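> how would this look folded up:
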Amino acid sequence: MENRFRSLFLALLVTFSGLFSNALLAAAHLPPDSDLLIAPDVERQAFDDAQIDSSDFELMLFAGFLSIEDFGVNALVAFKLNYYVNESIFVQLSLAQSEGSETSYEVLSGGAPLLTDDERQLQYYSINIGYNLLPGEAFLGEQTAFNTALYLSAGIGNTDFAGSERFTINYGAGYRFLLNDAISLNTEFRNNVFDVDVFGKKTTSNNLEFIVGIGWFF
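As a prediction, this is how the structure comes out:
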């Protein structure tokens, strides 16, 4: 008996719900079979998106610091050229110059310098392969977006320092910020690894550099 009353109650509830819904649709002047009760009025926001057009090359000028192991932290100037194979991979050529300062041994001992002024000059060139790991966007206000990318790079090259040319391996990361279709801001951090024998024993040195610069696509 209880089940019969429950079934009758549910049937009456469904019937009254249908009648109430049809009454609401009629009051809103909508057909009973209409499934559009609320018409959304969303306007898409347009914004300028800075991006590389069809340019595959980027010429960059950098300035920053190079920590030459045992020879202090020194100013560094670098020129770099990127060739973008596709949206993810690029090839980078680098040419840079710095100068080593006096070692702590030279300062404390007061003796003869270990290197001449010419030998303290450091130049390196390298070729790297880069990969855009995290491309993204940075927004300025509601209508302007700038393309950005966090990238990794690694390569080989040659370093001329302390009177010898030294085979060099480098690796690091960088961040690119596109101001418009042709101009970019860049910052890079890398480690240049090569052997030195200034103190009479060959050791592997890690030489960290941090640079910022501006690039031009063409």
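
> host element of the residue nearest to the spatial centre of the chain?
The centre of the chain sits closest to residue 150, judged by Cα atoms, centre = their mean, with a distance of 1.7 Å. Using DSSP states H and E, the element containing residue 150 is strand 144-161.

> Residue 200 too?
With DSSP H and E as criterion, residue 200 is part of no helix or strand.

> Between its first and last residues, how far does stretch 138-147 reach?
Taking Cα to Cα, to the nearest Å, stretch 138-147 runs 6 Å from one end to the other.

> buried residues in that stretch?
145-147 (16 or more other Cβ atoms under 10 Å). Heads up, the C-betas are built off the backbone N, CA and C, glycines and all.

> Next, count neighbours for residue 112.
Close neighbours of residue 112, defined as other Cβ atoms under 10 Å, add up to 6.

> just to revisit the earlier point, quick one: least confident of the buried residues of stretch 138-147?
Least confident of the buried residues of stretch 138-147 in the model: residue 145, at 84.

> Please look at that one and residue 177 and confirm they touch.
No - contact between residue 145 and residue 177 fails when scored by Cβ atoms under 8 Å: they sit 11.6 Å apart.

> Tell me how the protein divides into domains.
Following automatic domain parsing, the chain resolves into domains at 1-39, 50-217.

> looking at those domains, which is buried most?
domain 50-217 (a mean of 16; mean count of other Cβ atoms under 10 Å).

> In terms of mean pLDDT, which of the domains of the chain ranks lowest?
The bottom spot among the domains of the chain, by mean pLDDT, belongs to domain 1-39, with a mean of 55.

> mind listing the helices for this structure?
Applying DSSP state H to the chain gives helices spanning 2-27, 104-109, 117-120.

> which strand in the chain runs the most residues?
For the chain, the longest strand by residue count, based on DSSP state E, is strand 121-140.

> mind listing what that one pairs with, with the direction of each?
Partner strands for strand 121-140, per DSSP bridges, with pairing direction: strand 89-99 (antiparallel), strand 144-161 (antiparallel).

> who wins for proximity to residue 213 among these?
Residue 213 sits nearest to strand 89-99 of all the strands paired with strand 121-140, at 11.0 Å, using Cβ to Cβ.

> With only the CA atoms kept, save that closest one in CSV.
Only the C-alpha atoms of strand 89-99 are listed here, as CSV (Å, rounded to 0.1, in the frame of the first residue of the first chain):
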residue,chain,number,x,y,z
ILE,A,89,64.4,25.0,-31.8
PHE,A,90,67.0,27.6,-32.6
VAL,A,91,70.8,27.7,-33.3
GLN,A,92,72.8,30.3,-31.6
LEU,A,93,76.3,31.7,-32.4
SER,A,94,78.0,33.7,-29.7
LEU,A,95,81.1,36.0,-29.5
ALA,A,96,82.0,37.6,-26.2
GLN,A,97,84.9,39.4,-24.4
SER,A,98,85.8,40.0,-20.8
GLU,A,99,89.0,40.5,-18.7
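
> related to what we said a few turns ago, separation between the residue nearest to the centre of the chain and residue 212?
Residue 150 is 15 Å from residue 212, where distance means Cβ to Cβ, to the nearest Å.
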